[in-house]
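Q: below: sequence and its predicted model.
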Amino acid sequence: MFLMGLFLTGAELSSRQRLLLMLPLCLSIAIVYKVTRCAHVRDVPLASLTLWITIVLGMFAVGVGLWAAFMIMV
């Protein structure tokens with residue numbers, strides 16, 4: 001019953017906490033993607049860090065663009 005309650009009732013997270021939860025998610029996606037794409041293991045850390053920064057900046061750019069479009073429409 002306790003485990004069922006965890007899935008039925010969501011955790012209360014502030015917008016800052018949700019933003020911080022995005023960072024490790026993007027990092028894990030970047031690492032898994034680069035592990036499958038890089039020919040040498042020594043290339044993975046730098047390539048995944050570069051991809052992680054690109055993903056995070058892209059997400060922020062999309063967020064700012066959607067926020068600006070929302071503010072124009074209101």
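A: Cool, the structure landed.
Q: report pLDDT for L3.
A: For L3, the pLDDT comes out at 81.
Q: got it, and L27?
A: 97.
Q: could you say what helices and strands whichever helix or strand it is part of packs with?
A: Secondary structure assignment for L27, by DSSP states H and E: helix 15-37. Packing contacts for helix 15-37, counted by 3 or more Cβ pairs under 8 Å, 6 or more residues apart in numbering; DSSP states H and E, involve helix 44-73. (Glycine included, C-beta is placed from N, CA and C.)
Q: angle of the helix it packs on against helix 15-37?
A: For helix 44-73 against helix 15-37, the angle by axes from the mean of the first three to the mean of the last three Cα atoms, to 10 degrees is 140 degrees.
Q: quick one: mean pLDDT for helix 44-73?
A: 97.
Q: list the buried residues in that helix.
A: 44, 47-48, 51-52, 55-56 (16 or more other Cβ atoms under 10 Å).
Q: of the residues you listed, just say which sits nearest to L21.
A: V56 (12.4 Å; Cβ to Cβ).
Q: ok, now which ones touch the closest one?
A: For V56, the contacting residues are 22-23, 26, by Cβ atoms under 8 Å, 6 or more residues apart in numbering.
Q: if you rank these by neighbours, which is first?
A: Within these, most neighbours by other Cβ atoms under 10 Å means C26, with 18 neighbours.
Q: in this structure that one contacts T54, no?
A: No. Between C26 and T54 there is no contact under Cβ atoms under 8 Å: 9.4 Å.
Q: common neighbours of the two, please.
A: Joint contacts of C26 and T54 (Cβ under 8 Å, 6+ apart) do not exist.
Q: all good on my end, thank you.
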